[in-house]
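# Okay, here's the prediction I keep looking at, along with the sequence it came from:
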Amino acid sequence: MLALGCGLGLAAVSGMAQAAPQIQGRWIQGGLIVGQIAPGSRVRFDRRQLAVSSDGRFVIGIAYDAPPAAALEVRDPDGTAQRFEYSVEARQYDVQKIGGLPKAMVEPPAEVLKRIADDQRKVAAAREHDTPRVDFANLQRWPLAARVTGVYGSKRILNGVPRQPHFGIDLAAAEGTPVRAPAAGVVRLAERDLYYTGGTLILDHGHGVTTTYLHLSRLDVNLGDEVDAGTIIGKVGKTGRATGPHLCWRANWFDVRLDPSLLVHSEPARKGEHKK
């Protein structure tokens, strides 16, 4: 469950200082913050103007490599401007070495580079939505019960060469295992054959929070569908550039990559040791 956080300081720029925002979640790299402020307030974080819901809720994603300090700039409905500062907890990420991969899996041939770029544009567009949905507050479950074989933030070394960190959680399961929505949302991407990730789904949970499901063997929903928590959205597979059947589960706040394990309120039913 999202834990209560606290501010470490504030400065009132004008007028009488108002109460600090109520904060749920950990100020930790890869974490998600849900804040509550007086309705009608304006909030800025990292040069971004945040959407504030009618009941005063707003959302912040903390980047994988976020600096040790963060600040919110709040303008109350009466015009009072304040700054609230927070400490961000740094993390030590695992190193995951994977060898013996076919060269095309880690160094794509030139003829597919345009396809990869097109795939990336589709994914980025799906994560740009800033809808007033508040389903992010009800992330209750993992998408399936499975053994964890890869964790968020792992510094990957593929065939002896350092690569981009792994920004998802790998869940090993038999091909065809149902994958369920961890919360209600809208399908923003439903692609059956992206180059790297094969069958790929993205769910929009509101305020820029999305979850992503990779390497699916089957998609059971379509673009624009609304789903409830627990709805079967697809099946585990090994499509795209996967070495075996598994689900790579990811989470984002717009283009900020989050740790999905920090968003849900429970542990997976079968948690195993991940490979290093």
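Now that the structure is in, tell me what you want to look at.
# Check the gap between Ala172 and Cys248 for me.
11 Å (C-beta to C-beta, to the nearest Å). All C-beta atoms are positioned from the backbone trio N, CA, C, and that covers glycine.
# was I right about Asp228 contacting Arg180?
No - proximity of Asp228 to Arg180 does not meet the contact threshold set by C-beta atoms under 8 Å, at 9.8 Å.
# quick one: low-confidence ranges for the stretch 151-276 of the chain?
Low-confidence segments of the stretch 151-276 of the chain (pLDDT under 70): 265-276.
# 90 instead, please
154-166, 241-243, 264-276 (pLDDT under 90).
# At which residues are the strands of it located?
All strands of the stretch 151-276 of the chain, identified by DSSP state E, counting those that start in this stretch, fall at 155-158, 161-162, 169-172, 178-180, 185-194, 198-204, 209-216, 218-219, 226-227, 232-235, 246-253, 256-258.
# Turn the ones you listed into TSV, including distance to Trp27 and mean neighbour count.
Listed next are the strands of the stretch 151-276 of the chain as TSV, based on distance: least, C-beta to C-beta, whole Å; neighbours: other C-beta atoms under 10 Å:
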stretch	distance to Trp27	mean neighbour count
strand 155-158	22	16
strand 161-162	28	10
strand 169-172	21	24
strand 178-180	30	20
strand 185-194	25	20
strand 198-204	24	25
strand 209-216	17	26
strand 218-219	36	18
strand 226-227	30	17
strand 232-235	31	22
strand 246-253	14	24
strand 256-258	13	22
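# Kindly present these as a markdown table, with separate columns for distance to Arg42.
What follows is the strands of the stretch 151-276 of the chain, written out as a markdown table (distance: least, C-beta to C-beta, whole Å):
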| stretch | distance to Arg42 |
| --- | --- |
| strand 155-158 | 38 |
| strand 161-162 | 41 |
| strand 169-172 | 34 |
| strand 178-180 | 37 |
| strand 185-194 | 26 |
| strand 198-204 | 23 |
| strand 209-216 | 20 |
| strand 218-219 | 39 |
| strand 226-227 | 29 |
| strand 232-235 | 35 |
| strand 246-253 | 18 |
| strand 256-258 | 20 |
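# out of those strands, which comes closest to Ser87?
Closest approach to Ser87 among these (C-beta to C-beta): strand 256-258, 18.3 Å.
# residue closest to the middle of this protein?
Nearest to the geometric centre of the chain sits Ala251, at 1.8 Å (C-alpha atoms, centre = their mean).
# From Gln22, how far off is it?
Noted for Ala251: a distance of 22 Å to Gln22, by C-beta to C-beta.
# burial of Arg47, as a residue count?
For Arg47, the neighbour count with other C-beta atoms under 10 Å is 6.
# I misspoke; the intended subject was Val43.
Val43: 21 neighbours (other C-beta under 10 Å).
# Against Val134, how distant is the nearest residue to it once chain neighbours are set aside?
Excluding its sequence neighbours, the residue lying closest to Val43 (C-beta to C-beta, 6 or more residues apart in numbering) is Leu50, at 4.5 Å. Leu50 sits at a distance of 14 Å from Val134 (criterion: C-beta to C-beta).
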